[in-house]
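S.K.: Make a model of this:
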Amino acid sequence: MELEKAIGSAKRLMILRELTRGEKHVSELMELLRMDGKTAKHHLETLEKAGIVESRVVGRRKYYRLVVEIRLEISPPPERRYILTACRKKIE
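M.R.: Okay, the predicted model is just below:
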């Protein structure tokens, strides 16, 4: 999946913002972002399929964490730069 498509949703960007603060389980994200379970699951699966987040299951809870650093740089003419990169971070 293209990086632009994976992060091209306001709800997915909100999820990513929360995950910059640390690992969260689905219920936490649903509450923080006022999202229903079906919507949260759809967006988290999209981000996971794109390799941006990873999940792990503990008991009955599924936790998600951010595993890439995403950088976006856009500048007007004359530079006319558009750079979108994702770099996998080493997780300890």
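S.K.: C-alpha only now, for contacts and for neighbours.
M.R.: Will do.
S.K.: wait, Val57 sits on Val26?
M.R.: No. Assessed by CA atoms under 8 Å, Val57 is found out of contact with Val26, at 10.6 Å.
S.K.: Who has more neighbours out of these two?
M.R.: Val26 (19 against 10; other CA atoms under 10 Å).
S.K.: quick check: mean pLDDT across the longest helix anywhere in the chain?
M.R.: Across the chain, the helix with the greatest residue count (assigned by DSSP state H) is helix 37-49. Average pLDDT, helix 37-49: 95.
S.K.: a helix runs through Lys11, doesn't it?
M.R.: Yes. Under DSSP: H, G, I helix; E, B strand; the rest coil, Lys11 falls within a helix.
S.K.: Was I right to think it contacts Leu44?
M.R.: No. The pair Lys11 and Leu44 fails to qualify as a contact (CA under 8 Å) at a distance of 9.9 Å.
S.K.: For the residue of the chain positioned farthest from its centre, which three-state class applies?
M.R.: Distance from the centre of the chain peaks at Pro78, with 31.6 Å (CA atoms, centre = their mean). What three-state DSSP gives for Pro78 is coil.
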